[in-house]
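Visitor: here are the coordinates; sequence isn't available:
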Ligand SMILES: NC(=O)c1ccc[n+]([C@@H]2O[C@H](COP(=O)([O-])OP(=O)(O)OC[C@H]3O[C@@H](n4cnc5c(N)ncnc54)[C@H](OP(=O)(O)O)[C@@H]3O)[C@@H](O)[C@H]2O)c1
């Protein structure tokens, strides 16, 4: 680490190997090479595998890595002794697939409710770490359009329930937090490709082969571009570092468009010039996915735009960026 590392703020990303974690790491490490941006000392945790080589190569700065299972405090001791108390923790780790949570509710609860993480933060004896925690639009029941943050949470599946519990746990036990209720995140692939299918690329690859696709016309989301989520996290981080005032904020994080899966695919088809008749509308109620899925969890993002002075991009624009440059969003 460089000799002026004491002046730099410490940012720890929990779940640095996932989709959001990798994009965030790449952006924050790029900032370290840009004189106008706040430089950070970065660290991230990995869980089921060692940090993948393509990710380490993509991060052009020193970065500490720690194995960690969020379900217990053991892995945190090494972080305390090597990295110390972070100024910011971004918790991107989760059992993030609703179907996996439904199959194993106990694991979903113990991973998604970050009690070991908060217990570790409490051990420092102050609340001077900002905890940025990723929640989800699945906290809402899905029976109306454009949910606001103050609307009642009433999740219909285990994933949503675990995230509601995580929000309650953090607000009850930690006084310096930003909880981000994210919609579907889309964008380019990560440096070390994640195994799950990415929504825009999935639609694009099927349409490119001339395959027909069944798409829900009656489930609505506000998909948000990955680079916008990263910008939102960076903006919150910079604000905390600049003024040092503890925050307790919950924000809906979505794009400006309320879209069904069918409408998302229509946008991809229009951007690529594919035959729109390949898209077949189906009702979500006709398919059993093994997990209840809320119908309309579109979100009002006024609080986000007003609080941060930032407007996420339209879906069409994000699709163009995703398909134009599938591996690099940092240029
Ligand atoms: N992507 C979306 O569309 C979306 C939408 C709404 C909300 N969110 C939320 O945003 C956050 C980031 O999502 P994502 O798409 O980046 O998720 P992801 O790709 O599934 O990554 C999840 C990360 O969590 C780690 N992890 C899983 N179990 C763990 C455990 N027991 N201990 C420590 N780490 C563990 C994973 O590591 P291993 O792979 O090594 O296990 C991985 O690094 C999550 O909280 C998710 O619920 C995502």
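Guide: Cool, got the structure. Nothing here was measured: the structure is a model prediction, and the numbers come from that model.
Visitor: Quick check: residues of the stretch 1-150 of the chain near the ligand?
Guide: 15, 17-21, 46-49, 68-71, 92-96, 111, 134, 136 (Cβ under 6 Å from any ligand atom). All C-beta spots, glycine's among them, are computed from the backbone N, C-alpha and C.
Visitor: any low-confidence regions in the stretch 101-250 of the chain?
Guide: Within the stretch 101-250 of the chain, no range satisfies pLDDT under 70.
Visitor: show me where it has helices.
Guide: 105-112, 115-122, 158-173, 199-208, 226-243 (DSSP state H, counting those that start in this stretch).
Visitor: Turn these into CSV, columns for distance to residue 292 and mean neighbour count.
Guide: What follows is those, written out as CSV (distance: least, Cβ to Cβ, whole Å; neighbours: other Cβ atoms under 10 Å):
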stretch, distance to residue 292, mean neighbour count
helix 105-112, 13, 19
helix 115-122, 25, 19
helix 158-173, 9, 21
helix 199-208, 20, 18
helix 226-243, 25, 18
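Visitor: related to what we said a few turns ago, just the buried ones out of the residues of the stretch 1-150 of the chain next to the ligand, please.
Guide: Neighbour-count burial (16 or more other Cβ atoms under 10 Å) applied to those gives 15, 17-21, 46-47, 68, 70-71, 92-96, 111, 134, 136.
Visitor: Just the ones of those residues in helices?
Guide: When those are checked against helices (DSSP state H), the matches are 19-21, 111.
Visitor: okay if I get those as TSV plus distance to residue 315?
Guide: Output for these, formatted as TSV (distance: Cβ to Cβ, whole Å):
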residue	distance to residue 315
19	18
20	18
21	23
111	30
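Visitor: Closest to residue 157 out of those residues?
Guide: residue 111 (15.3 Å; Cβ to Cβ).
Visitor: distance of that closest one from residue 262?
Guide: 32 Å (Cβ to Cβ, to the nearest Å).
Visitor: Equivalent analysis for residue 105, please.
Guide: Taking Cβ to Cβ, one finds residue 105 at 31 Å from residue 262.
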